[in-house]
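Visitor: sequence plus the predicted model coming up.
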Amino acid sequence: MDQSKLKYLPSHEWAFVEGDTATIGISDFAVAELTDLVFIQLPEVGRDLKKGETFGEVESVKAVSDLYAPVSGKVVEVNAPLADKLTWLSEDPYTKGWMIKVKLSNPSETDSLMDSNAYETHKADGGH
């Protein structure tokens, strides 16, 4: 996956779009901020998501954080092994640690997401 093509929400979720499908996860910055992950809740296949809506949560020893959908669409795949292999998020949040795949209902929504340069600036400015 070419990380320079990722699109981001300010809350650190990323989307990688291929055709009409987006692979979604959280950035390495978010994983580092959370530290010591202990639980993840992801949606069922078939769930319809709206951009900005909560699709799950990730829990660390510090806090529980909601996961927000960067795009609207139907969940077509869930990385089910991730629930038992949370270390994948620390090791490789962009390849092994992806969370869900969504069939886009409105591909133009990605235009309002941050590109990798804007996201780097966002992180440098405090990232919250």
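Guide: Noted; the coordinates are in hand.

Visitor: then the longest helix along the chain to CSV, C-alphas only?
Guide: Counting residues, the longest helix found in the chain (DSSP state H) is helix 116-124. Coordinates of each C-alpha in helix 116-124 appear next as CSV, following Å, rounded to 0.1, in the frame of the first residue of the first chain:
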residue,chain,number,x,y,z
SER,A,116,-0.5,12.9,3.7
ASN,A,117,1.1,16.3,3.7
ALA,A,118,-1.9,18.0,5.4
TYR,A,119,-2.0,15.1,7.9
GLU,A,120,1.7,15.6,8.7
THR,A,121,1.0,19.3,9.4
HIS,A,122,-2.0,18.3,11.5
LYS,A,123,0.2,16.0,13.7
ALA,A,124,2.9,18.6,14.0
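
Visitor: ok, residues contacting stretch 39-58?
Guide: 9, 24, 26, 34, 37, 59, 64-80, 82-83, 86, 89, 99-100, 102, 105-106, 109 (C-beta atoms under 8 Å, 6 or more residues apart in numbering). To be clear about C-beta, it is placed using only N, CA and C from the backbone, and glycine gets the same treatment.

Visitor: how about 7 Å then?
Guide: Residues outside stretch 39-58 that contact it (C-beta atoms under 7 Å, 6 or more residues apart in numbering): 34, 37, 59, 64-78, 82-83, 86, 99-100, 102, 109.
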